[in-house]
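Engineer: This is the structure alone, sequence omitted:
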């Protein structure tokens, strides 16, 4: 299956786009946060996603792809709350989350804010906050 985008409405009235990649079984769901810049239309390895039987859900973060910008600055907590809302709206329960680059910070934000939603987490090429690393 190729990526399809579906518009959802968040609690604050903003629209966000969710992309679905890979298998359409719904049994093995991974919520993926895209790198920045970019959008959830990006699947890092479509063949591997399909072969693994994974349904990859990717939410366009505020102001990216087809998602409305946040009413204020689109920070990590805002994007993490949007991700949590997607998981709640879809009634996914505890899922695997993966984030690449700037998306990794969003995944970690979801883990910190809503550990009840996360079964496991993976971050790839994600930078630490500047204030936490003595460069």
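Structural biologist: Okay, I see it. All values derive from a computational prediction rather than experimental measurement. Numbers count the residues shown, from 1 in each chain.
Engineer: Tell me which stretches of this protein form strands.
Structural biologist: Taking DSSP state E as the criterion, the chain carries its strands at 4-9, 15-22, 29-33, 55-59, 95-100, 118-124.
Engineer: Packing partners of the fourth one?
Structural biologist: So the one you mean is strand 55-59. Strand 55-59 is packed against strand 15-22, strand 29-33, helix 76-89, with contacts defined by 3 or more C-beta pairs under 8 Å, 6 or more residues apart in numbering; DSSP states H and E. Bear in mind the C-beta positions are built from the backbone N, C-alpha and C, glycine included.
Engineer: Output the contacting helices and strands for the last one.
Structural biologist: Using 3+ C-beta pairs under 8 Å, 6+ apart as the contact test, the elements touching helix 76-89 are strand 15-22, strand 29-33, strand 55-59, helix 102-113.
Engineer: In its sheet, which strands sit next to the first one, and in what direction?
Structural biologist: In its sheet, strand 15-22 lies beside strand 4-9 (antiparallel), strand 55-59 (antiparallel), with partners assigned from DSSP bridges.
Engineer: Measure how that strand sits relative to strand 29-33, angle-wise.
Structural biologist: Following axes from the mean of the first three to the mean of the last three C-alpha atoms, to 10 degrees, one obtains 130 degrees for the angle between strand 15-22 and strand 29-33.
Engineer: Against residue 63, how distant is residue 108?
Structural biologist: Here residue 108 is placed at a distance of 20 Å from residue 63 (C-beta to C-beta, to the nearest Å).
Engineer: Which residue of those two possesses the greater neighbour count?
Structural biologist: Under the criterion of other C-beta atoms under 10 Å, the comparison of residue 108 against residue 63 puts residue 108 first, with 20 against 14.
Engineer: quick one, what contacts that one?
Structural biologist: With contacts defined as C-beta atoms under 8 Å, 6 or more residues apart in numbering, residue 108 is in contact with 99, 121, 123, 126.
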